[in-house]
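Novice: sequence unknown, structure follows:
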């Protein structure tokens with residue numbers, strides 16, 4: 001079984017990944033915490049956008065290839081698709097990744113994604129921009145302190161467009177404004193019940 005947790009920066013993906021992995025006894029697969037381009041990217045997105053996203057693409061592809069070899073049940077923090085369908089085109093539209101680099105990146109994504117299976121279930125965390133900003137500030141990562149409001153806003157819209165058209169597998173949507181899975185066992189239980197219902201439909 002492959003569950004993936006998707007959502008904008010600050011939506012709570014890592015927290016929910018950890019909680020679901022613990023509940024189901026699955027292997028958690030987190031985003032790489034040592035991206036060598038991260039600080040440079042947030043200081044100068046136009047210069048480092050292509051490098052940053054090619055690095056993420058390689059890391060996520062390797063994670064999935066390693067998982068396929070081991071064949072465990074996993075909960076993945078962010079999908080392979082989000083960089084390609086949300087972050088990279090958003091940078092291109094904002095003039096922060098030129099079209100030549102964007103097309104090069106997307107061709108590489110199409111090639112690599114053809115070798116892996118999509119998640120069995122995506123859990124999408126929907127959050128308003130003020131909530132994202134509040135949670136980003138709360139966790140206090142230095143490289144995130146310069147994230148622009150218009151950047152988060154445009155990402156949110158692209159997430160909604162992607163979710164509305166997603167057709168690679170099953171999905172549930174968790175409203176972060178109404179669901180405090182991090183601190184409320186009852187709210188977490190509600191999310192788990194939704195996932196269990198989708199699991200049951202997969203095997204019936």
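Specialist: Okay, I see it. This is a predicted model, so every value here is computed, not measured.
Novice: roughly how far is whichever strand or helix holds residue 108 from the heart of the chain?
Specialist: Under the criterion of DSSP states H and E, residue 108 resides in helix 99-113. Relative to its chain's centre, helix 99-113 lies at 18 Å (C-alpha atoms, centre = their mean, to the nearest Å).
Novice: Can you spell out which helices and strands pack onto the helix or strand bottoming out on mean pLDDT in the chain?
Specialist: Sorting the helices and strands of the chain by mean pLDDT, DSSP states H and E puts helix 38-43 at the bottom, at a mean of 85. Contacts defined by 3 or more C-beta pairs under 8 Å, 6 or more residues apart in numbering; DSSP states H and E place helix 38-43 against helix 45-70. In short, each C-beta sits where N, CA and C put it, glycine included.
Novice: what angle sits between the helix it packs on and helix 99-113?
Specialist: 10 degrees (axes from the mean of the first three to the mean of the last three C-alpha atoms, to 10 degrees).
Novice: immediately after helix 45-70, which helix or strand?
Specialist: On the C-terminal side of helix 45-70, the nearest following helix or strand under DSSP H and E is strand 74-77.
Novice: Helices along the chain, start to end?
Specialist: Listed in chain order, the helices of the chain (DSSP state H) span residues 13-24, 38-43, 45-70, 80-82, 88-93, 99-113, 129-139, 149-165, 185-202.
Novice: Mean neighbour count and distance to residue 4 added to the ones you listed, as JSON lines?
Specialist: What follows is these, written out as JSON lines (neighbours: other C-beta atoms under 10 Å; distance: least, C-beta to C-beta, whole Å):
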{"stretch": "helix 13-24", "mean neighbour count": "19", "distance to residue 4": "9"}
{"stretch": "helix 38-43", "mean neighbour count": "16", "distance to residue 4": "21"}
{"stretch": "helix 45-70", "mean neighbour count": "17", "distance to residue 4": "10"}
{"stretch": "helix 80-82", "mean neighbour count": "21", "distance to residue 4": "9"}
{"stretch": "helix 88-93", "mean neighbour count": "20", "distance to residue 4": "18"}
{"stretch": "helix 99-113", "mean neighbour count": "15", "distance to residue 4": "13"}
{"stretch": "helix 129-139", "mean neighbour count": "15", "distance to residue 4": "19"}
{"stretch": "helix 149-165", "mean neighbour count": "15", "distance to residue 4": "13"}
{"stretch": "helix 185-202", "mean neighbour count": "14", "distance to residue 4": "12"}
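Novice: Would you mind saying which of those lies nearest residue 2?
Specialist: helix 45-70 (7.7 Å; C-beta to C-beta).
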